[in-house]
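S.K.: Have a look; sequence and predicted model below, questions after that.
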Amino acid sequence: MNKPDGLRILQVLRAPVGGLFRHVSDLTHYLANKGHEVGLIVDSVANDAQTETLLGALEQHSALGIHRFPMPRQFGRGDLKTPFAVAALARRLKADILHGHGAKGGFYARLASYGRRKVNVFYTPHGGVLHFPADKASGRLFHSIERQLMGRTEAIIFESAYAQNTYSKLIGKPTCQSSVIHNGLRQEEFEAVVPRADAADFVFVGELRALKGIFPLVEALAKVVRPDGRPARLVMAGDGPDRAALEERIAQLGIGGRVELVGSKPARSVFARGRCAVVPSLAESLPYVVMEAAAAQLPVIATRVGGIAEIFGPTATSLIEPNNAERLAEAMTRVLADPEGANAEMHKRLDHIVAGFSVERMAGQIEQLYLEATLQ
């Protein structure tokens, strides 16, 4: 191929939710603004009001359209038909690039490249297949499929070095090109959020499920007292399957008056309700909420899991072990006792994130990979 100008790019993903969709959305905006024609392929079942609103906001940037095909979460009939439908669509739209996101998006994009004219296929796992353990039958199956599909992949793009290392351990070192390109934030997200006058000491934003460390968090809070002797307070934003169990645990700890559950809300609007963000996850890949809180210029307490150390950069020594309420309480107490030190660390972390975690850097590096592939 010899296409130095605008490319025709199809992004393939299953459900438009979470950090994966945030990544695809930012990439789509950037590529469209650079003169490329972009289209999305998503699951035809994941079409509730919220997802339709999210997809609708991308329509004006999707010159190649938004297309829906069956993409079951687990293996199903759609897995036998959808790759052929994606391949036919790619031929009709004369796509230069197929970029699969997540396990299912990567599966369809690479299978769709069989038996057609030259098309360059990129794949970003976003966790996905990396969440399946190698000692389980499902993990062995998915990992085997990954090994088979490497030969149909121009490049695997990892959002963190952690993801790249995990992929190599579980599946094997990629035989195709691979790159680590960190997710990024938009320019306006680096504006400081000013805490409200009645802001709590700490704020949590995330899904209310055990994997996010919500139980060690409230257990730690029960132990934390401000320097003036008052008990520390926490605002928790989000919803999820363990909300009822969380409410029960809060009641058991006797801290109902110190924890406010405010439901699902945009992260930046919630950051103003706390003076320090806490991300106590038990497992992560490269969580946007850590970047968002740091860019909003809040001190951040987080656990050493996934790629969080890559976000913390020169401040990674302050990360704590996961699922340890005692260590978490100590970190929270230190922030309350030394707010100036916490702010100094925050600014050091902010400089690191400004330099390496912008949408322009992320999307620009991905665009460069596309262009290099099509010029070969």
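M.R.: The structure has been received and is ready for your questions.
S.K.: Can you tell me which helices and strands the host helix or strand of Ala244 packs against?
M.R.: Using DSSP states H and E, Ala244 sits in helix 243-253. Judged by 3 or more C-beta pairs under 8 Å, 6 or more residues apart in numbering; DSSP states H and E, the packing partners of helix 243-253 are helix 214-221, strand 259-263. All C-beta spots, glycine's among them, are computed from the backbone N, C-alpha and C.
S.K.: Mind doing that once more with 7 Å?
M.R.: The contact analysis (3 or more C-beta pairs under 7 Å, 6 or more residues apart in numbering; DSSP states H and E) places helix 243-253 against helix 214-221.
S.K.: On the C-terminal side of the helix it packs on, identify the next helix or strand.
M.R.: That would be, after helix 214-221 and using DSSP H and E, strand 234-237.
S.K.: Indicate each strand paired with that next one and its parallel or antiparallel sense.
M.R.: Strand 234-237 sits in its sheet next to strand 202-205 (parallel), strand 259-263 (parallel), going by DSSP bridges.
S.K.: Strands along the stretch 251-376 of the chain, start to end?
M.R.: 259-263, 277-279, 300-302 (DSSP state E, counting those that start in this stretch).
S.K.: meant to ask about the stretch 51-200 of the chain
M.R.: Counting by DSSP E, counting those that start in this stretch, the strands of the stretch 51-200 of the chain are 66-69, 97-101, 120-124, 155-158, 177-180.
S.K.: Mean pLDDT per helix and strand in this structure: which one sits at the bottom?
M.R.: helix 49-56 (a mean of 77; mean pLDDT, DSSP states H and E).
S.K.: What lies in contact with that helix?
M.R.: Residues outside helix 49-56 that contact it (C-beta atoms under 7 Å, 6 or more residues apart in numbering): Ala15, Pro16, Val17, Phe21, Val42, Ile66.
S.K.: Could you dump the residues you listed into CSV and include pLDDT?
M.R.: Formatted as CSV, the contacts of helix 49-56 follow (pLDDT from 0 to 100):
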residue, pLDDT
Ala15, 84
Pro16, 82
Val17, 78
Phe21, 90
Val42, 94
Ile66, 96
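S.K.: From those residues, keep the buried residues only.
M.R.: Ala15, Pro16, Phe21, Val42, Ile66 (16 or more other C-beta atoms under 10 Å).
S.K.: okay, and for the stretch 101-250 of the chain, where does confidence drop off?
M.R.: 115-117, 138 (pLDDT under 70).
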